[in-house]
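S.K.: below is the structure, and that's it, no one-letter string:
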Ligand code: NAP
């Protein structure tokens, strides 16, 4: 790895809490593989320090920053410009410092699409069901609309949040049809016509146990089930879907490709995706064995 010197370009991630993140090894291994004089660091930024931290990107001439929970939406008002996609989604996960102008991007959406492509699933013309109404659900919904999905069904705990996503989709993508449901509705019929099922809730994450976001009786062999969760790599939903003959994937690919896109924005160089994938898998393996339960509970999804 190149020695740190006066020309080293600094990148990193801001979030709170940020005890454990899989991003630093992915990016640092990628910089090393391409012999780039860059480093990627974690910056713990409490919500009340966000404004100062964003100013600091300019003052310290930091090259680029990833943004994770809870700042993905709050950061928007503090930036100079947004990519069209970040604007439509309403969330930023990557900031590029372009000679003092801070430009916000959302690489989660593109990362999700690249991962779907790697899984050989083409969402064009398909009906997708998204479980959850948070930041990841919004990014996935916009990604699928952009890729030509025919119909998107948003299922949330709150009908209002789900409706807000559906309305925004319909106003931004005239071709698409949208539907809003809640987990309390009768969901059997909608799963009969759904082709892609995306879990964008944290239900099934390691700390929540073997929980399912929806009953397995709704899943059938014609579904492609994509769980955004990657700890564990095989959730109860993925496991159950595979037993029913459905194809299923975890969120590792999305995490990898959102990072690869951020890398390319900052460096202008193609990301060494396989190096990043190996660093991520390594990180996930050691992350599976946290030193203590507190560490486990404080993981963030980036
Ligand atoms: P978020 O903004 O906090 O949204 C979470 C969503 O899940 C909200 O709609 C929330 O509902 C819903 N939810 C929470 N608990 C639930 C439950 N018990 N039953 C039903 N719905 C529930 O989080 P996010 O950033 O969107 O992340 C969501 C998931 O995606 C997390 O597991 C995260 O790790 C994963 N993720 C993965 C990637 C990747 O690269 N693979 C990227 C981003 C996120 P309320 O609004 O009612 O609270």
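M.R.: Perfect, thanks for sending it. This structure is a prediction, so every number in the text was calculated from the model and none was measured.

S.K.: which one is the spatially most central residue of the chain nearest to, not counting chain neighbours?
M.R.: The centroid of the chain falls nearest to residue 108 when counting by CA atoms, centre = their mean (4.2 Å). Distances taken as CB to CB, 6 or more residues apart in numbering put residue 139 closest to residue 108, at 4.1 Å, once the chain neighbours are dropped. C-betas here are computed from N, CA, C, even on glycine.

S.K.: in terms of helix, strand or coil, where does that neighbour fall?
M.R.: helix (DSSP: H, G, I helix; E, B strand; the rest coil).

S.K.: what is the neighbour count of residue 4?
M.R.: For residue 4, the tally of surrounding residues (other CB atoms under 10 Å) stands at 11.

S.K.: doesn't residue 41 make contact with it?
M.R.: No - contact criterion CB atoms under 8 Å: residue 4 and residue 41 do not qualify, at 10.9 Å.

S.K.: was I right about residue 194 contacting residue 128?
M.R.: Yes - counting by CB under 8 Å, residue 194 touches residue 128, with 7.0 Å between them.

S.K.: any residues in contact with both of those two?
M.R.: Listed as contacting both residue 194 and residue 128 by CB atoms under 8 Å, 6 or more residues apart in numbering are residue 153.

S.K.: what residues does the chain put near the ligand?
M.R.: 69, 108, 132-137, 156-158, 161, 183, 200-203, 205, 213, 228-230, 251, 254-255, 258, 301 (CB under 6 Å from any ligand atom).

S.K.: out of those residues, list just those in strands.
M.R.: Taking DSSP state E, the ones among the residues of the chain next to the ligand that sit in strands are residue 156.

S.K.: just the buried ones from the residues of the chain next to the ligand?
M.R.: Among the residues of the chain next to the ligand, those scoring as buried are 69, 108, 132-137, 156, 161, 183, 200-203, 205, 213, 228-230, 251, 254-255, 258, 301 (criterion: 16 or more other CB atoms under 10 Å).

S.K.: so for the closest residue to the ligand within the chain, what's the pLDDT?
M.R.: Residue of the chain nearest the ligand, by CB to the nearest ligand atom: residue 134 (1.8 Å). With respect to pLDDT, residue 134 has a value of 91.
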